[in-house]
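> This is the structure alone, sequence omitted:
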Ligand code: A3P
């Protein structure tokens, strides 16, 4: 795996009992993230990368902000920032403070209510006030199959992490828990094990594809926000694959265009909002890879009652 890992731009660091693979500069910010002052009014999306996080963020932001489509033209990185975003950035090259116009952690701290914050961290790495339950912000997590997540992450890694290995090598990294924020099932289960908490909601990518209006209603009920048929219809249209793909505030194309070259990240031209389907892996993985994933998922999920499909 180390051989494959070397094909990721600079590799990752491992932390905690689950050997969570976190971005290279995470440890520098770990303490600040742990001690982050949480507010009960916050809303967090906590999900493994490539499960549909951005899709869920846009839905949640609009529900929380009374369908302010004008406000939603501001880029999502500013409306719905990532708790641990600093950990991705090599400060010798650039830093987030320039982009946010102030110290990034202060930006998070000073956001007005209701704050919407994203994280890809495993449960045990989230702010202590969340894990010890002293604060009870709403937390939404998105579930997607390991196969589609892995395929999506492979393309993302070429786009954003300078990955130069083959697809099969990437699958091996993912299965071994050595892709960023992996091990995948340990990440998912770290939240699943907290499902008894009333402030956690699970949504599935597959349900968003099948019945987006239904998921919007469920999420709005969880967030205690009112909806009517018209607002649901408007949001379904806004969140369609085509609409999101063409929306510069959420398609992250500017990250690819502006940041990727600075950090020497890009080895591919696939867009961030790429295919947006369920089961796309069936045309991208070999039968052997599919079988390997099936067995692995079966083993990892045994006895957990978790079903992502
Ligand atoms: P694919 O690479 O399979 O297309 P994340 O935001 O967690 O990084 O997830 C990215 C994945 O969500 C990508 O999957 C992307 O295309 C998909 N996605 C984003 N917006 C979507 C939408 N409106 N409808 C369906 N899929 C969407």
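On my side now, so go ahead. It should be emphasised that the depicted structure is a prediction, and the values quoted were computed from it without experimental measurement. Numbers count the residues shown, from 1 in each chain.

> Quick check: residue 104 vs residue 194, distance?
Separation of residue 104 from residue 194 (CB to CB, to the nearest Å): 27 Å. Placement of C-beta: from N, CA and C, glycine included.

> Which residue of these two possesses the greater neighbour count?
A direct count of neighbours by other CB atoms under 10 Å for residue 104 and residue 194 places residue 104 higher, at 21 against 18.

> can you tell me which residues contact that one?
By CB atoms under 8 Å, 6 or more residues apart in numbering, residue 104 lies in contact with 81, 85-86, 95-97.

> try residue 56
45, 47, 140, 142, 203, 208.

> and with 7 Å instead?
45, 140, 142, 203 (CB atoms under 7 Å, 6 or more residues apart in numbering).

> Residue 69 now?
For residue 69, the contact set (CB under 7 Å, 6+ apart) comprises residue 238.

> Quick check: of the contacts of residue 56, which lies closest to the ligand?
residue 142 (7.0 Å; CB to the nearest ligand atom).

> do you know how far the closest one is from residue 49?
Taking CB to CB, one finds residue 142 at 10 Å from residue 49.

> more neighbours, those two?
Neighbour count, other CB under 10 Å: between residue 142 and residue 49, residue 142 has more, with 27 against 19.

> any idea which helix or strand carries the more buried one?
In the assignment (DSSP states H and E), residue 142 maps to strand 138-143.

> Show residues contacting that strand.
Outside strand 138-143, the residues that touch it by CB under 7 Å, 6+ apart are 43-47, 51-53, 56, 60, 188, 191, 199-205, 219, 222-223, 308.

> Quickly run through the sheet partners of that strand, with directions.
If you go by DSSP bridges, strand 138-143 pairs up with strand 43-46 (parallel), strand 200-204 (parallel).

> Around the ligand, which positions in the stretch 1-150 of the chain sit nearby?
Where the stretch 1-150 of the chain comes near the ligand, counting by CB under 6 Å from any ligand atom, the residues are 49-55, 148.

> Could you identify the pair within these that is furthest apart?
Greatest spatial distance among those (CB to CB): 54 and 148, at 14.8 Å.

> Does residue 245 touch residue 252 like I think?
No - Residue 245 sits out of contact with residue 252 when judged by CB atoms under 7 Å, with a separation of 10.7 Å.

> how about the residues of the stretch 151-300 of the chain near the ligand?
So the stretch 151-300 of the chain meets the ligand at 152, 155, 239-241, 244, 273-276, 280 (CB under 6 Å from any ligand atom).

> Where do the strands of the protein begin and end?
Here the chain has its strands, by DSSP state E, at 13-15, 20-22, 43-46, 116-119, 138-143, 200-204.

> Let me have the ones you listed in a markdown table, extended by mean pLDDT and distance to residue 299.
Converted to a markdown table, the strands of the chain look like this (pLDDT from 0 to 100; distance: least, CB to CB, whole Å):
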| stretch | mean pLDDT | distance to residue 299 |
| --- | --- | --- |
| strand 13-15 | 90 | 21 |
| strand 20-22 | 92 | 19 |
| strand 43-46 | 98 | 24 |
| strand 116-119 | 98 | 27 |
| strand 138-143 | 98 | 18 |
| strand 200-204 | 98 | 21 |
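
> Relative to residue 298, which of the ones you listed is closest?
Of the strands of the chain, the one closest to residue 298 (CB to CB) turns out to be strand 138-143, at 16.3 Å.

> from the middle of its chain, how far away would the closest one be?
10 Å (CA atoms, centre = their mean, to the nearest Å).

> What of stretch 110-130?
Using CA atoms, centre = their mean, the offset of stretch 110-130 from its chain centre is 12 Å.

> Could you do stretch 300-309 as well?
Centroid displacement of stretch 300-309 relative to its chain, using CA atoms, centre = their mean, is 20 Å.

> if we compare the strands of the chain, which one ends up closest to residue 302?
Nearest of the strands of the chain (CB to CB): strand 138-143, 17.1 Å.

> where does the stretch 51-200 of the chain have low pLDDT?
Along the stretch 51-200 of the chain, no part satisfies pLDDT under 70.

> mind running it again at 80?
Applying pLDDT under 80 to the stretch 51-200 of the chain flags residues 90, 92-94, 160-162.

> hey, where'd the helices end up in it?
Assigned by DSSP state H, counting those that start in this stretch, the helices in the stretch 51-200 of the chain fall at 53-64, 76-79, 96-100, 104-110, 128-131, 146-160, 167-175, 184-192.

> Just the buried ones from the contacts of residue 104, in ChimeraX syntax?
A single ChimeraX command is used to select the members of the contacts of residue 104 judged buried by 16 or more other CB atoms under 10 Å:
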select :81,85,86,96,97
